[in-house]
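K.L.:
only geometry, no sequence info:
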């Protein structure tokens, strides 16, 4: 059976477009993943918090900008690994919350975000994470360190916990793997083959000694709740799964006194 010439041409055109899309996705994948915010206009002072501006140096020499908000008589130090958009300016609510708990906080921006130099890169997120965590550990010797991973930052923090002495790992609306969430966002592309570097959150949990607190919204349409459940199942004890009614781009959990109490109790243990 002969295929009509017009149909052949159409099929070749479709395949050509698909190959072109794959090539573009491979070349510009960082632009599809990262949406870095500009230099912040607000500082922790806007939230009534005293702070210190910090310049971190990644292992490759990239300079990272951050804020250190020290609590009076702190019991914990928290390093916040934020998501793929915005900057430290958009995480002041976390710093204020932690300050009220008696936890000191390091907010920092990955390379290419805010006032940090360089360009965003999945492969180099580990360098940025190590620099931030090591700085916080040196600044607060003897205090247990909490790695707080928000969305994409959950993968960064989980992989960090396999290399550093993280006491508690909090995964806020994070995914099982970058490839998993990218595949659901671009189902027409072979994204797992195209990714130059993946973030394997779920796999990392199998090699982490940190206590794990999974915080995930039932109404999350960006990273569905099933991701949080699978992360909880993959984590070692001690662990806790805390679900809330809310989406991906809000912190509805922060308005629930019961959830705040659970979080504080878990971290205290």
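P.N.:
Alright, I've got the coordinates. A quick note: this is a predicted structure, and the numbers were derived from the prediction, not measured.

K.L.:
and residue 99, what are its phi and psi?
P.N.:
In terms of degrees, to the nearest 10, the main-chain angles of residue 99 are phi -60, psi -40.

K.L.:
Pretty sure residue 68 sits in a helix.
P.N.:
No: assessed with DSSP: H, G, I helix; E, B strand; the rest coil, residue 68 is strand; it does not lie in a helix.

K.L.:
That one contacts residue 139, correct?
P.N.:
Yes: shown here, residue 68 and residue 139 form a contact pair, counting by C-beta atoms under 8 Å, at 6.7 Å. For the C-beta atoms, the positions are set from N, CA and C on the backbone; glycine is no exception.

K.L.:
list residues touching both of these two?
P.N.:
Listed contacts common to residue 68 and residue 139 are residue 106; contacts here mean C-beta atoms under 8 Å, 6 or more residues apart in numbering.

K.L.:
Looking at these two, which has the bigger crowd around it?
P.N.:
Neighbours were counted for residue 68 and for residue 139 using other C-beta atoms under 10 Å; residue 68 has more, 21 against 15.

K.L.:
in the stretch 1-150 of the chain, which spans are helices?
P.N.:
5-27, 29-33, 92-101, 125-139 (DSSP state H, counting those that start in this stretch).

K.L.:
Distance check, the nearest residue to residue 149 once chain neighbours are set aside against residue 130.
P.N.:
The shortest distance from residue 149 to any non-neighbouring residue, by C-beta to C-beta, 6 or more residues apart in numbering, is to residue 157 (3.2 Å). Distance of residue 157 to residue 130, given as C-beta to C-beta, to the nearest Å: 12 Å.

K.L.:
Domain ranges for the chain, per the record?
P.N.:
1-33, 36-268 (automatic domain parsing).

K.L.:
Check those for me and report the most buried one.
P.N.:
Most buried of these, by mean neighbour count (mean count of other C-beta atoms under 10 Å): domain 36-268, with a mean of 19.

K.L.:
What's the end-to-end length of it?
P.N.:
Terminal residues of domain 36-268 lie 33 Å apart, using C-alpha to C-alpha, to the nearest Å.

K.L.:
And stretch 236-247, by the same measure?
P.N.:
Across stretch 236-247, first to last residue, C-alpha to C-alpha, it's 26 Å.

K.L.:
pLDDT (mean, whole number) over that stretch?
P.N.:
Model confidence over stretch 236-247 averages 92 on the pLDDT scale.

K.L.:
Next: stretch 253-269.
P.N.:
The average pLDDT within stretch 253-269 is 93.

K.L.:
who touches it?
P.N.:
For stretch 253-269, using C-beta under 8 Å, 6+ apart, the contacting residues are 75-76, 93, 97, 101, 103, 146, 168, 170, 211, 213, 215, 217, 238, 240, 242, 244, 246.

K.L.:
6 Å instead, please
P.N.:
Contacts with stretch 253-269, where a contact means C-beta atoms under 6 Å, 6 or more residues apart in numbering, come from 101, 168, 213, 240, 242, 244.

K.L.:
For the first one, list the residues it contacts.
P.N.:
In other words, residue 101. residue 264.

K.L.:
gap between it and residue 183?
P.N.:
37 Å.

K.L.:
Then residue 93?
P.N.:
Counting by C-beta to C-beta - residue 93 and residue 183 are separated by 31 Å.

K.L.:
give me the element the residue positioned nearest the centre of the chain is part of.
P.N.:
In the chain, the residue lying closest to the centroid (C-alpha atoms, centre = their mean) is residue 153, at 1.0 Å. Residue 153 is part of helix 152-160 when elements are defined by DSSP states H and E.

K.L.:
which is the next helix or strand following that helix?
P.N.:
strand 168-172.

K.L.:
Nice, that's everything, thank you.
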